[in-house]
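Student: sequence first, then the predicted structure, then my questions.
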Amino acid sequence: MLEMLEMFSTSPEKSMDLSDFTRMMIVAKLA
Amino acid sequence: MVSSENLFHALPKELQTMIDEAFIATVRPNSSGFQKPMNKSGPPSSGGGGFLMEDNESPGGVFFNDLENTEGEGPEDSNQILLGLIPAALQRLDLPPDDPEVLAVFRNAASGWTSSSLNSLGISHSTETYVGREDWRSVCAVLLEGRAPAFDDGKSFGNSPDSAHLDEDDEDASMTDDYVEDNSPFRSDLEQEGSDEEYQEVAVRNSRHRGNHITGIKRSSSQRGRLSEEPGQPTSRQRQTCLNTFALFFPEVSFLELSKQRIMVADIQRVAKLLGEKMKADEVHVLLFKSLHSLTADLDA
């Protein structure tokens, strides 16, 4: 799960904001 | 039983236009799709009238065919779309770009199509297959048939100049039942503004076309910029779905505060714990995606 956060997070602390989350959803074809 | 070919023409004109517009915009990402500089010498009203979105007299297919003739391009350029561009075109219609069944249909449709110009040149592009516009229309007609009643219902509200936009908003409201705000059919103008950015973009594009028609000024460069941005951008439905799914991580946070939230590692662990299972990192990955997928499916249902 750290990898997943790293993959899509745009911030150094590996957190995921809504825009990152949206990007992840689309890349993962969930949206 | 209406055949899929006739189904397209049975659709509301707004839907026909949307389907053709998605096709045109995807086939020609580097052009406005509606006007070419080579038409500059002609009077603005001679060729421009046929392209306009607000021209309710002509069905969508007719004026696009006219367009092809006036531009003097080979029909294979305008009537075929590269199979690889189909997902992008589907996304313009806010359809899932990766539905394997839909893509399989397009692959079948494309198997009979190859670029005649490439063949005549003897260039081997066997991997590049094309989908004809009629096939695109037929498949989209089937996929979008469910939206047709929303358009028909919208017409009953009146024939104001903005009725087309109302139709689009109503259509979207019927497609997604996961809106946070109240989407009653009698929404105020204020609510409409915030309801659907994607269709507002459509409206902006349409109004630009009107502007070109009236003033005769070519703005193909600005339209080009707008169109090229779209495929990478999430549609309004995708944004809404993501927002709803994002909200599942923060059940205690109000929607207004949601955009300020960030999913931290601790949140992932909390969610994993909530699911009541101990998992290795890989399993979290898989399960998280699966659970998100099922939740998304529920939201879309």
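Tutor: In hand now; what should we look at?

Student: ok, then the element right after the helix or strand of chain B with the lowest mean pLDDT?
Tutor: Ranking every helix and strand in chain B by mean pLDDT, DSSP states H and E puts helix B:220-229 at the bottom, with a mean of 37. Where DSSP states H and E defines the elements, the next helix or strand beyond helix B:220-229 is helix B:236-248.

Student: and the following helix or strand past that following helix, what does it pack against?
Tutor: Downstream of helix B:236-248, the first helix or strand assigned by DSSP H and E is helix B:255-258. Judged by 3 or more CB pairs under 8 Å, 6 or more residues apart in numbering or on different chains; DSSP states H and E, the packing partners of helix B:255-258 are helix B:236-248. Placement of C-beta: from N, CA and C, glycine included.

Student: can I take it that B:V131 is in a strand?
Tutor: Yes - under DSSP: H, G, I helix; E, B strand; the rest coil, B:V131 falls within a strand.

Student: tally of neighbours for the nearest residue in space to it that is not next to it in sequence?
Tutor: The spatially closest residue to B:V131, leaving aside those adjacent along the chain, is B:A110, at 4.7 Å (CB to CB, 6 or more residues apart in numbering or on different chains). By the criterion of other CB atoms under 10 Å in any protein chain shown, B:A110 has 22 neighbours.

Student: and for B:E101?
Tutor: Neighbours of B:E101 (other CB under 10 Å): 8.

Student: and B:V265, by the same measure?
Tutor: 15.

Student: which residues touch B:L11?
Tutor: B:19, B:141, B:144-145, B:148 (CB atoms under 8 Å, 6 or more residues apart in numbering or on different chains).

Student: re the thing from before, the residue nearest to B:V131: helix or strand, and which one exactly?
Tutor: Per DSSP H and E: helix B:100-111 holds B:A110.

Student: look at the residue nearest to B:V131 and report its pLDDT.
Tutor: At B:A110, the model reports a pLDDT of 82.

Student: and it, what does it touch?
Tutor: B:83, B:129-131, B:135.

Student: so how far is A:D20 from the residue sitting nearest the centre point of chain A?
Tutor: The centre of chain A sits closest to A:F8, judged by CA atoms, centre = their mean, with a distance of 3.2 Å. Distance of A:F8 to A:D20, given as CB to CB, to the nearest Å: 5 Å.

Student: what's the single longest helix in chain A?
Tutor: Criterion DSSP state H: the longest helix present in chain A is helix A:18-27.

Student: anything in that one near chain B?
Tutor: Yes - Helix A:18-27 is in contact with chain B by CB under 8 Å from any CB of the partner chain, via A:18, A:21-22, A:25-26.

Student: can you list these in CSV and add distance to B:T245 and pLDDT?
Tutor: What follows is the residues of helix A:18-27 next to chain B, written out as CSV (distance: CB to CB, whole Å; pLDDT from 0 to 100):
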residue, distance to B:T245, pLDDT
A:L18, 10, 85
A:F21, 8, 85
A:T22, 9, 84
A:M25, 7, 82
A:I26, 12, 80
